[in-house]
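Asker: Pasted the sequence and its predicted model underneath.
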Amino acid sequence: MKRIFSSVYLKKGDGVVFLLILAIIFSTAVLFYRKPAASAKQIVIYVNGEEYKTYQLSHKYLNNIVVPVNGHTKYGYNHIKIEDGAVFIADSTCPNQDCVKMGKITEEGDILVCLPYKVVIRMEGGEAPDAVSY
């Protein structure tokens, strides 16, 4: 027996119980805080708050998807790419290029936004996780 505190004595089996409790706490934390995998099936592009077009992630798109500003590319555009279930803005004529720097989205509920051109790209189609499990 080792004396830890003035009134607490530990036996040999106490260390095993302590490690078992830590393992249970760790595995429970991993299960609760793991982000649920949502399988998105499509992307929806919104321009000025209205739905512009919908694209299926299961299809292969060889060319960039062009989203023109105000209905014509002379005012600007966003080039959107779909590759291996991921979506990203490959090129844009907006000033800061923040939408290009956002990177790829891969899961349902993820969004890409180009504020100057009022373009929102949202992944949709799978089961949405609720606020409690997310």
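Answerer: Nice, thanks for sending it over. Numbering: from 1, shown residues only.

Asker: helices or strands up against the longest helix along the chain?
Answerer: As assigned by DSSP state H, the longest helix anywhere in the chain is helix 12-33. Identification of packing neighbours for helix 12-33 by 3 or more Cβ pairs under 8 Å, 6 or more residues apart in numbering; DSSP states H and E yields no helix or strand. For glycine as for every other residue, the C-beta is placed from the backbone atoms N, C-alpha and C.

Asker: Now find how far off-centre that helix is within its chain.
Answerer: 30 Å (Cα atoms, centre = their mean, to the nearest Å).

Asker: Likewise for stretch 66-86?
Answerer: 21 Å.

Asker: contact partners of whichever strand in the chain runs longest?
Answerer: Longest strand in the chain by number of residues (criterion: DSSP state E): strand 72-83. The contact list for strand 72-83, computed with Cβ atoms under 8 Å, 6 or more residues apart in numbering, reads 43, 45, 55, 57, 59, 61, 64-69, 87-94, 99, 114, 116-117, 119, 121.

Asker: Break this protein down into its structural domains.
Answerer: 2-33, 42-124 (automatic domain parsing).

Asker: The one helix or strand Tyr46 maps to relative to strand 72-83, how many degrees between them?
Answerer: Using DSSP states H and E, Tyr46 sits within strand 42-47. Strand 42-47 and strand 72-83 are oriented at 160 degrees to each other (axes from the mean of the first three to the mean of the last three Cα atoms, to 10 degrees).

Asker: What residues of the helix or strand following strand 42-47 count as buried?
Answerer: Following strand 42-47 in sequence order, the next helix or strand is strand 50-56 (DSSP H and E). Under the neighbour-count criterion of 16 or more other Cβ atoms under 10 Å, strand 50-56 has Tyr55 buried.
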